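Colleague: model the structure of this input:
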Amino acid sequence: MIEASRATPAPATLTGQAIVIGAGPAGLMAAERLASSGLAVTVHDHMPSVGRKFLMAGRGGLNLTHVEELERFLNRYRPAAPPLLQAIRAFPPAALIAWCEDLGIKTFRGSSGRIFPEGLKASPLLRAWLARLAALGVRLVLRSRWEGWAPDGTLRFAPASAGTPGAARPVATVLAMGGASWPRLGSDGAWPAHLPGLAVAPWAPSNMGFTVDWSAHFRDRHQGAPLKRIAIEFGGAIVRGEALVTAKGLEGGAPYALSAALREAIAQSGYADITLDLRPDLTESEVTNRLAARPRAESLSNGLRKALAMPPAAIGLVQEALRAGAAAPAQLVKHLPLRLTGTAGLDRAISSAGGLAWSELDARFMLKAHPGVFACGEMLDWEAPTGGYLLQGCFSTGLAAAEGACEWLAEQGA
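Modeller: Coordinates of the predicted model:
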């Protein structure tokens with residue numbers, strides 16, 4: 001496998017043609033590694049342009065990875081499949097940062113430890129990457145959807161796009177066809193139909209919003225309002241971050257970080273009860289004392305605003321809970337109960353859970369049922385929170401699948 005400190009592939013040693021199906025981060029990373037080994041690489045994608053989901057992810061600031069300690073970083077992934085964790089250890093955040101800067105795209109560390117490219121945009125990085133791939137001779141074939149294998153074992157595409165001799169009979173194939181979230185950007189989750197007999201975990205939304213039965217008063221007043229510097233507790237786990245009140249519920253980094261556990265609880269019970277800490281930087285005693293010191297004639301709303309610097313949406317949550325007969329204001333600031341009643345669908349989820357089962361792959365990311373065919377990226381059964389973990393997983397598994405292909409081909413004498 002590639003050394004953790006390396007950002008450039010090994011020298012060219014292989015011959016033949018390889019096909020990559022899927023032009024997202026995992027597929028393009030696989031293409032780069034395969035081409036650098038001497039293979040003639042063609043990348044097929046059914047969309048009219050490459051990296052559409054990657055570009056969308058960068059609209060609000062492209063979060064490439066995260067610099068937290070590696071073992072803690074690895075704990076963010078579910079399920080903790082050994083090949084997935086090994087792929088990230090082999091190409092960890094430091095290697096991804098070095099690879100990005102080798103493309104000429106400098107990066108910086110945000111206050112939370114997240115890593116971004118300078119300028120925060122995905123498009124300069126993608127342009128530089130495509131230029132490198134072109135220099136390596138990688139060929140892109142767009143509007144080309146894979147439709148499985150023909151009876152003679154060749155790859156089938158619709159419409160027919162194998163424009164060069166042998167294009168549909170590669171020495172190695174890497175599948176990087178994505179999950180099932182944001183289907184309008186290409187990840188439609190339709191590929192399992194072309195892998196009959198292989199175990200595929202059901203698709204489910206991940207890093208998605210949740211529905212809440214807001215009162216009409218609260219919804220009309222506060223939809224679109226942020227809840228900054230809060231903490232959410234569920235099942236003994238506490239996550240600090242931000243959230244956004246929507247017309248239908250709640251979304252944002254803090255609930256996303258707990259999305260897997262919350263999704264499972266809702267699937268089992270029909271709801272999930274979380275607890276919000278609206279001022280996690282203050283103790284409950286400090287909150288109590290500040291509220292007790294406010295003038296008697298001052299309204300609770302003004303008291304929460306002046307004494308605790310709480311924004312209108314947070315104040316509205318406390319008032320909603322009080323109207324429902326909940327505890328004293330100070331206790332609600334620190335322990336506000338909130339029931340989530342459902343999840344947003346896959347079409348609005350940032351990522352998806354489910355996908356090709358790890359049991360279908362060997363340690364090289366090769367399909368056991370299809371020698372010479374490798375899989376990577378979001379089409380595999382894993383999920384992780386936002387914050388750089390998703391893209392890191394895609395880059396690392398894309399490289400690992402290509403490494404596996406190169407090792408396998410070397411053994412075959414390619």
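Colleague: okay, now the unreliable bits of this protein?
Modeller: When residues are selected by pLDDT under 70, those of the chain lie in 1-12, 58-60, 160-168, 326, 414.
Colleague: okay, domains of it per the record?
Modeller: As assigned by automatic domain parsing, the chain contains the domains 17-205+349-412, 210-343.
Colleague: need the winner for burial among those domains.
Modeller: Stretch with highest mean neighbour count among the domains of the chain: domain 17-205+349-412 (a mean of 20; mean count of other CB atoms under 10 Å). C-beta: built from backbone N, CA, C; applies to glycine.
Colleague: so how far is that domain off the chain centroid?
Modeller: Mean C-alpha position of domain 17-205+349-412 versus that of the full chain (CA atoms, centre = their mean, to the nearest Å) differs by 12 Å.
Colleague: distance check, residue 14 against residue 128.
Modeller: Distance of residue 14 to residue 128, computed by CB to CB, to the nearest Å: 25 Å.
Colleague: isn't residue 356 right next to residue 380, touching?
Modeller: Yes. At 5.3 Å, residue 356 and residue 380 qualify as touching, with contact defined as CB atoms under 8 Å.
Colleague: would you confirm that residue 229 belongs to a strand?
Modeller: Yes. Assessed by DSSP: H, G, I helix; E, B strand; the rest coil, residue 229 belongs to a strand.
Colleague: I'd say it and residue 281 touch.
Modeller: Yes. Applying CB under 8 Å, one finds residue 229 in contact with residue 281, separated by 7.0 Å.
Colleague: what ranges does the stretch 151-300 of the chain have for its helices?
Modeller: Counting by DSSP state H, counting those that start in this stretch, one finds helices in the stretch 151-300 of the chain at the ranges 216-222, 253-257, 259-269, 284-292, 300-308.
Colleague: and residue 403, which of those helices is closest to it?
Modeller: Within the helices of the stretch 151-300 of the chain, the stretch nearest residue 403 is helix 259-269; the backing value is 28.2 Å (CB to CB).
Colleague: which strands and helices lie in contact with the closest one?
Modeller: Applying 3 or more CB pairs under 8 Å, 6 or more residues apart in numbering; DSSP states H and E, one finds that helix 259-269 makes contact with strand 200-206, strand 226-234, strand 272-277, strand 342-343.
Colleague: pipe the ones you listed into CSV and attach distance to residue 23 per row.
Modeller: Formatted as CSV, the helices and strands packed on helix 259-269 follow (distance: least, CB to CB, whole Å):
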stretch, distance to residue 23
strand 200-206, 21
strand 226-234, 34
strand 272-277, 36
strand 342-343, 29
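Colleague: tell me which of those lies nearest to residue 76.
Modeller: strand 200-206 (11.9 Å).
Colleague: what comes into contact with that closest one?
Modeller: Identification of contacts with strand 200-206 by CB atoms under 8 Å, 6 or more residues apart in numbering yields 179-181, 189, 192, 259-260, 263, 343-346, 348-357, 381, 383.
Colleague: for residue 404, helix, strand, or coil?
Modeller: helix.
Colleague: any idea how far it is from residue 411?
Modeller: Taking CB to CB, one finds residue 404 at 11 Å from residue 411.
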